[in-house]
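Sequence and computational prediction follow.
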Amino acid sequence: MTSQTYPPGLDDGPAPAAEAARAGAALTTVCPRAKLAALMRRLLLIALTAALAASLNGGPAAAQSLGTALLSSPRPGEAVSGIVILTGTAAGPQFLRYELAFGYDVDPTNTWFSIQDPVTTPVEDSALGRWDTTGLTAGLYVVRLRVYTSEREFVDAIVRGVRVSNATTPAAATAPSTPEPEPTPLPVPTATAPLIALPPVPTPRPTAGAGNAAGRTFLDEANLSAEAVRAAFGQGIQLSLLAFGLLGLYLGLRQLVRALLRRWRP
C-alpha cells in the first residue's frame, strides 16, 4: 500500500493544473527580484568604498591646493643661534593667514610657543619671520609654519631637529689690581668737659605730724582688722547655735512622731 503526501492546505487531493502554473510563475518572479536586490547592495558597497578611498587619498592634496606651506630655512639638523631668519612660502588661492611657532623636538605634551603675531600677507620664497633664540636652552627644537585657508582648515610645514647652540662668550681677563696701602688714621683729640661742683642736696627729715599720721593710719587698720575678726567670729557662733537648734528640733519632732505612731497602732 502506497501513501501520498499533499502540500499544506491541499489535504483533499493533488493541486489542479492551474494552481501549479501560478506557483511556478510566482517562483520565476521572486528569483529575479532577489538577484536584483543583491546586485544593488553590491553596487552600493563598491560606491561607498570608492568614495572613502577618494576622500582619504585626495584630502591632503585638496588642502595643499587651497594653501601652500613650505619652510626652506632652517633645515633639519641645522645649528642656529641668536636671531634666526625663517624663510619659505605661505600662500595659496584661499590664503587667510599664517603663523610661526616652535616647540621641543621631543615633547609628549605637544606644546607650541608662538614666534610672532599672525601675518595676513602671503609670502613666496622669502622671509617669513624672525626667531629669537637667545633666551633658549641649547638643544633640539622643532619649527612649524601653519597656513590657514579658513578658520578650521590649515596646512602645516614642520622642520624637526633644529639645534639651538647659543655660544657663551668668556669674560675678558682683567689684570689683578695691586691693593693700595690704607692710610694710618691720626688720633683725634677729645675735648674734656670741666668739672663743676654741685651743692649737696638736702635730705628731707620726717616731721612729727607725718609720724603721727602714719601711726594713726596703722592703728586704724589694726583696729579695723580686729573688729572684722570679732564680727566674723560672732557670726560663726550664731550660725553654729542655729544649726544645733534646728538639729535638736528635728530630733524632738522625730521622737514625737514615733510616739504618736506607737499609740495609734492597735
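All right, it came through fine.

what sits up against stretch 73-81?
Residues outside stretch 73-81 that contact it (C-beta atoms under 8 Å, 6 or more residues apart in numbering): 84-88, 131, 133, 143, 159-167. In this view, the C-beta of every residue, glycine as well, is placed from N, C-alpha and C.

pLDDT on it, on average?
Stretch 73-81 shows a mean pLDDT of 94.

Buried residues of it, list them for me.
Neighbour counts using 16 or more other C-beta atoms under 10 Å place 74, 80 of stretch 73-81 among the buried residues.

and this protein, what are its domains?
18-61, 67-164, 215-261 (automatic domain parsing).

Please work out which of these is packed deepest.
domain 67-164 (a mean of 16; mean count of other C-beta atoms under 10 Å).

which phi and psi does Cys250 have?
Careful, residue 250 is Tyr; it's not Cys. phi -60, psi -40 (degrees, to the nearest 10).

could you measure it against Leu242, distance?
According to C-beta to C-beta, to the nearest Å, Tyr250 stands 13 Å off from Leu242.

Can you list the low-confidence ranges for the stretch 101-250 of the chain?
Along the stretch 101-250 of the chain, the parts satisfying pLDDT under 70 run over 168-229.

where along this structure do the strands fall?
68-73, 79-80, 83-91, 97-104, 113-114, 123-132, 139-148, 154-164 (DSSP state E).

Minimum distance to Ala34: which of these has it?
Checking the strands of the chain against Ala34 by C-beta to C-beta gives strand 154-164 as the closest, at 49.5 Å.

Might you report the residue contacts of Ala101?
By C-beta under 8 Å, 6+ apart, the contact set of Ala101 is 112-115, 143-144, 146.

biggest separation within the residues you listed, which pair?
Spatial extent of those (C-beta to C-beta) is set by the pair Phe113 and Arg146 at 13.2 Å.

that older thread, please produce TSV containing the strands of the chain, extended by distance to Phe233.
Below are the strands of the chain laid out as TSV (distance: least, C-beta to C-beta, whole Å):
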stretch	distance to Phe233
strand 68-73	113
strand 79-80	108
strand 83-91	106
strand 97-104	97
strand 113-114	96
strand 123-132	101
strand 139-148	99
strand 154-164	102
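
Which one of the ones you listed lies nearest to Arg41?
Nearest to Arg41, of all those, is strand 154-164, at 38.6 Å by C-beta to C-beta.

In terms of pLDDT, where does Leu100 sit?
97.

Go ahead and confirm Val119 touches Arg130.
No: the pair Val119 / Arg130 is not scored as a contact, 11.9 Å apart, by C-beta atoms under 8 Å.

Contact partners for Gly135?
Per C-beta under 8 Å, 6+ apart, neighbours of Gly135: none.

switch to 10 Å and redo it
Going by C-beta atoms under 10 Å, 6 or more residues apart in numbering, Gly135 touches Asn166.
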